[in-house]
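Asker: no sequence on this one, just coordinates:
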């Protein structure tokens, strides 16, 4: 099963088009796809204090997301680059769904430095972003923080070693023809990452 997450509030956005094309391509390759449009579903990104503890009772929505993430063979995340970060709905999804003991675990004898062992079964993750900042400026001025966030701070910590990321830019000046090329590239990226289902 491939878990596909969309983090954009506009259902007519290019991000939504990317997610839909990826879903169709994965299903055509024989994969079961579990898709969540987090904004459309009204996912609450605020982590309540009652969920802090490792064994906290979770509401049914969060429990479902945790179970789906832990069962996924692959993960696809689609979102815009906002201030060098994912949108708040995705940050909150990370806060609430990536739970100790389920997606990562601190090693026995850890002396407080917080070295984790990843527990996710997913072998690969694909992150597809959009931006209105040119790639060269993004790298030179900002250092591409999304690369570090997803590769090292999120998926690396949870045990997903094969993390592929593609930034589509510059959206604001792109033509319909360019966007179609990008959509085809997104389809090819996810099929390459996960192959055909057996």
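Answerer: Yes, it's here. Quantities reported herein were computed from a predicted structural model and do not represent experimental measurements.
Asker: CA only for contacts and neighbour counts going forward, please
Answerer: Fine.
Asker: For the closest residue in space to residue 37 that isn't next to it in sequence, give me phi and psi.
Answerer: Spatially, and ignoring its direct neighbours in sequence, residue 37 is nearest to residue 6 (4.8 Å; C-alpha to C-alpha, 6 or more residues apart in numbering). Main-chain torsions, residue 6, degrees, to the nearest 10: phi -120, psi 130.
Asker: and the gap between residue 6 and residue 154?
Answerer: 16 Å (C-alpha to C-alpha, to the nearest Å).
Asker: the more surrounded of the two?
Answerer: Neighbour totals were compared for residue 6 and residue 154, and residue 6 leads with 25 against 15 (other C-alpha atoms under 10 Å).
Asker: which residues pair with that one across the strands?
Answerer: Residue 6 has these beta-bridge partners by DSSP bridges: residue 37, residue 78.
Asker: surely it meets residue 77?
Answerer: Yes - using C-alpha atoms under 8 Å, residue 6 is in contact with residue 77, at 6.1 Å.
Asker: Check what pLDDT the most centrally placed residue in the chain gets.
Answerer: When C-alpha atoms, centre = their mean is applied to the chain, the residue found nearest the centroid is residue 77 (3.0 Å). Note for residue 77: predicted pLDDT of 98.
Asker: do residue 141 as well
Answerer: So residue 141 comes in at 67 (pLDDT).
Asker: do the same with residue 89
Answerer: 98.
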